[in-house]
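> quick one, structure for this:
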Amino acid sequence: MFEDETPVAWQAVPAHAPVVGADGSEIGIAESVLGDEEQDIFHGIVLRRSPDGEKVELPARRIKKMTSRRVITDLGTGDVGSLPPYRAR
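I've put the predicted structure just below:
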């Protein structure tokens, strides 16, 4: 799925990129990237979940691919509801 899209580094994820689940359906929008640019450590993204708009934290280990157009996860649509709320640090 989405094999024809160009992979990008975590620092190059486009603003407000769609986030898709394992089945290819959109589960939300990437609000921001969580990481330490100085040490090049990627932690995950802040996901604005569809359809309720809640901001949740999507850990890096659940992200399978980032492209110039979207973020692809291994989550099923039912898994999104169990993500922890985002808390700014």
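> just for the chain, where's the confidence low?
Scanning the chain for pLDDT under 70 picks out 89.
> please repeat the previous calculation with a cut-off of 50.
Scanning the chain for pLDDT under 50 picks out nothing.
> output the longest strand belonging to the protein.
strand 26-36 (DSSP state E).
> which neighbours does the following helix or strand past that one have in its sheet, and in what orientation?
Toward the C-terminal end, the helix or strand that comes next after strand 26-36 (DSSP states H and E) is strand 41-49. The pairing partners recorded for strand 41-49 under DSSP bridges are strand 26-36 (antiparallel), strand 55-59 (antiparallel).
> for the ones you listed, which one sits closest to Leu75?
Counting by C-beta to C-beta, Leu75 lies closest to strand 26-36 out of the strands paired with strand 41-49; the figure is 6.5 Å. Every C-beta, even on glycine, is put in place using the N, C-alpha and C of the backbone.
> tabulate the CA atom coordinates of that closest one in CSV.
Extracted in CSV, the C-alpha atoms of strand 26-36 (Å, rounded to 0.1, in the frame of the first residue of the first chain):
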residue,chain,number,x,y,z
GLU,A,26,-7.7,7.8,7.2
ILE,A,27,-7.6,7.8,11.0
GLY,A,28,-6.6,11.4,11.5
ILE,A,29,-4.2,14.2,10.7
ALA,A,30,-0.6,14.7,11.9
GLU,A,31,-0.6,17.8,14.0
SER,A,32,3.1,17.8,14.9
VAL,A,33,6.1,15.6,15.1
LEU,A,34,7.6,14.5,18.5
GLY,A,35,11.3,14.2,18.6
ASP,A,36,14.7,15.6,19.5
